[in-house]
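Engineer: From the sequence below, what's the structure:
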Amino acid sequence: MPLILSVNGKTPQFGKGTRIAPNATVCGDVITGDDCSIWFNAVIRGDVNYIRLGHRVNIQDGAVLHCTYQRTTLEIGDDVSVGHNAIVHGAKVESKVLIGMGAIVMDGCVIGSGSIIAAGAVLTEGTVVPSGSIFAGVPAKKIKDISPELFKEEVERIARNYIMYSSWFDSDFLIIE
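Structural biologist: Predicted coordinates:
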């Protein structure tokens, strides 16, 4: 069973259809929308401030979501994929965003809807990603606008597929009814 902990009187709340891997950790002031998936070894720590996830958000294996005490919160919109081993810390991520594997998103970043943060990219504190952009590198910079084809083939496909993938684990994941 996943580790779900209350912190300072705040207990995580999960939307209907959310699936949580048996070794994921979720604690504190965390609220998810419906049909989210929280994968193996993912950690969502709402201990120092709140974390909000929209609908159909997937937090992939080894990803870490956290905030800075009394300074930042973390808000993620609908249909967002947070890739394997990514770190998202005290940022705002709008809807329909792909955060690639191993990417780091620091405090105060704002990622506009329909964007891609490339694998391994590092968004330094306060970076603003305009909607429809692809950011890559260390530190991350805009490399181009996202094409409609890439948006459909990557951002939308991955978000949709993770709902399907999580259903393959129905006998192993905690499922919120």
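
Engineer: residue contacts, I38?
Structural biologist: P2, T18, R19, I20, A21, A24, V26, T32, I44, N58, I59 (C-beta atoms under 8 Å, 6 or more residues apart in numbering). For glycine as for every other residue, the C-beta is placed from the backbone atoms N, C-alpha and C.

Engineer: what's near enough to touch the second one?
Structural biologist: Contacts for T18 were tallied using C-beta under 8 Å, 6+ apart; they are T32, D34, D35, C36, S37, I38, I175, I176.

Engineer: What of the fifth one?
Structural biologist: Applying C-beta under 8 Å, 6+ apart, one finds that A21 lies in contact with P2, I38, W39, F40, N41, A42, F169, D172, F173.

Engineer: Same question for K142.
Structural biologist: K142 makes contact with V129, P130, S133, I134, F135 under the criterion C-beta under 8 Å, 6+ apart.

Engineer: got it, and L98?
Structural biologist: V80, S81, G83, S115, I116, I117, E154, V155, I158, A159.

Engineer: Now stretch 48-58: buried residues?
Structural biologist: For stretch 48-58, burial by neighbour count (16 or more other C-beta atoms under 10 Å) applies to V48, N49, I51, R52, L53, G54, H55, R56, V57, N58.

Engineer: which residues touch G132?
Structural biologist: Taking C-beta under 8 Å, 6+ apart as the test, what G132 contacts is G112, S113, G114, S115, D145, I146, F151.

Engineer: what does stretch 82-89 contact?
Structural biologist: The contact list for stretch 82-89 (C-beta under 8 Å, 6+ apart) reads 57-68, 72, 74, 76, 98-107, 119.

Engineer: now what about the top helix by length along the chain, what contacts it?
Structural biologist: With secondary structure taken from DSSP state H, the chain has its longest helix at helix 157-167. The contact list for helix 157-167, computed with C-beta under 8 Å, 6+ apart, reads 19, 35, 37, 39, 56, 58, 60, 79-81, 96, 98, 173.

Engineer: how about those residues, which pair is most distant?
Structural biologist: The distance between the two most remote of the contacts of helix 157-167 (C-beta to C-beta) is 24.1 Å, for K96 and F173.

Engineer: Show me the contact partners of the lowest-mean-pLDDT helix or strand in the chain.
Structural biologist: Taking mean pLDDT, DSSP states H and E as the measure, the chain has helix 148-150 as its least confident helix or strand, at a mean of 90. The contact list for helix 148-150 (C-beta under 8 Å, 6+ apart) reads I116, I134.
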